[in-house]
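J.: Sequence plus predicted model, see below.
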Amino acid sequence: MEYLNESTSKGNQPKFIEGDWFYKEDSMGYESISEALVSEFLSYVEGIEFIDYYLDVIEYDGKRMECCKSKIYTTDGKSFVPVRKILNYYADKKELSKKTGKALLDYVVDCVYKATNLNIRDYLRTLTYIDSIILNEDRHFNNICLVEDKDGNYRVAPIFDNGLSLLSDTSQDYRYGVSLDILIRNVKCMPFVNSFSKQVSYFESRPLVIDIDGFLNKLDMVDADLDSYIPFKQEGYERAKKVLLKRLKETEGTLWVRKM
């Protein structure tokens with residue numbers, strides 16, 4: 001198993017590769033639960049591509065590791081290219097540092113288009129709507145990626161890295177025992193401004209379409225056989241599920257509509 005020294009916006013998270021699997025260990029709370037629950041949720045959102053995450057418990061260096069895993073996505077000459085890398089090469093750093101909010105969004109879209117001939121505005125809208133629903137606080141520019149093929153052509157990457165969502169950081173910012181309403185109000189977002197509602201307002205209003213009945217039926221299946229689906233941190237799953245259902249109720253009709 002190969003150890004990767006990578007980090008999130010809140011610090012280091014142990015990550016590993018073994019064979020064609022990529023593993024991420026919990027380091028702040030129930031990130032793996034959130035990652036797996038969000039990927040299940042995304043399977044009921046129409047018209048998107050995402051990376052599937054699964055829960056696992058493995059032994060590494062004599063230690064029991066509670067984690068999530070996903071198949072390594074890039075093969076056959078394809079590679080992930082973070083938007084941060086594109087900005088590092090093509091953006092005017094002084095100009096970039098001055099911008100925030102809608103101006104930063106427009107600048108990033110323009111810069112990526114000039115570098116790749118790809119308009120990512122609609123992709124960013126989808127990410128922003130999803131992140132607002134799941135309260136993802138970690139959508140920095142390294143977690144927004146394109147895929148480049150061996151011929152130098154680009155497309156948007158599948159949605160990935162949603163572990164710091166659904167109040168999963170119970171070690172620092174979202175401790176148990178505090179009202180969910182209070183905790184939800186405290187969540188800040190990235191990358192254009194720290195308010196979810198403001199970020200949403202920067203985009204054309206075009207709600208996501210979600211098969212909510214299908215998703216709720218899947219949750220019922222999970223709840224009926226919890227030990228098989230959730231091998232650890234079941235209290236984290238219960239809270240993550242509660243937060244997600246609450247956010248879906250709050251944002252129905254604005255960020256998403258039901259599949260007919």
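T.: Nice, I can see it.

J.: can you pull out the helices in the stretch 101-250 of the chain?
T.: Taking DSSP state H, counting those that start in this stretch as the test, the helices found in the stretch 101-250 of the chain are 101-116, 121-134, 180-186, 196-201, 212-224, 226-229, 234-251.

J.: which helices and strands sit right next to the second one?
T.: Same thing as helix 121-134. Judged by 3 or more CB pairs under 8 Å, 6 or more residues apart in numbering; DSSP states H and E, helix 121-134 is in contact with helix 31-42, helix 101-116, helix 196-201, strand 208-210, helix 234-251. Placement of C-beta: from N, CA and C, glycine included.

J.: Might one say that residue 23 is in contact with residue 71?
T.: No. Shown here, residue 23 and residue 71 do not form a contact pair, counting by CB atoms under 8 Å, at 11.2 Å.

J.: Residue 118 and residue 124, how far apart?
T.: 12 Å (CB to CB, to the nearest Å).

J.: who has more neighbours, these two?
T.: residue 124 (23 against 14; other CB atoms under 10 Å).

J.: OK, contacts around that one?
T.: Listed by CB atoms under 8 Å, 6 or more residues apart in numbering, the contact set of residue 124 reads 105, 108, 109, 144, 203.

J.: if I pick the last one, what's in contact with it?
T.: This means residue 203. 121, 124, 125, 128, 129.

J.: Can you give me the neighbour number for the nearest residue to the fourth one once chain neighbours are set aside?
T.: The spatial neighbour of residue 128 that comes closest, neighbours along the chain excluded (CB to CB, 6 or more residues apart in numbering), is residue 199 at 5.0 Å. Burial measure for residue 199: 25 neighbouring residues, criterion other CB under 10 Å.

J.: Now the helix or strand containing residue 89 - C-alpha only, CSV.
T.: Residue 89 is part of helix 83-90, with elements assigned from DSSP states H and E. Extracted C-alpha coordinates of helix 83-90, given in CSV (Å, rounded to 0.1, in the frame of the first residue of the first chain):
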residue,chain,number,x,y,z
VAL,A,83,-8.4,24.3,-11.9
ARG,A,84,-5.7,25.5,-9.4
LYS,A,85,-3.0,24.3,-11.7
ILE,A,86,-4.6,26.0,-14.7
LEU,A,87,-4.8,29.3,-12.7
ASN,A,88,-1.2,28.9,-11.6
TYR,A,89,-0.1,28.7,-15.3
TYR,A,90,-2.5,31.1,-17.0
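
J.: closest to residue 241 among the contacts of residue 124?
T.: If you rank the contacts of residue 124 by distance to residue 241 using CB to CB, residue 144 comes first, at 26.3 Å.

J.: Spell out which residues sit in contact with the nearest residue to the closest one once chain neighbours are set aside, please.
T.: Counting by CB to CB, 6+ apart, residue 144 lies nearest to residue 83, which is 4.5 Å off, once chain neighbours are set aside. Applying CB under 8 Å, 6+ apart to residue 83 gives the contacts 108, 112, 120, 141, 142, 144, 145, 146.
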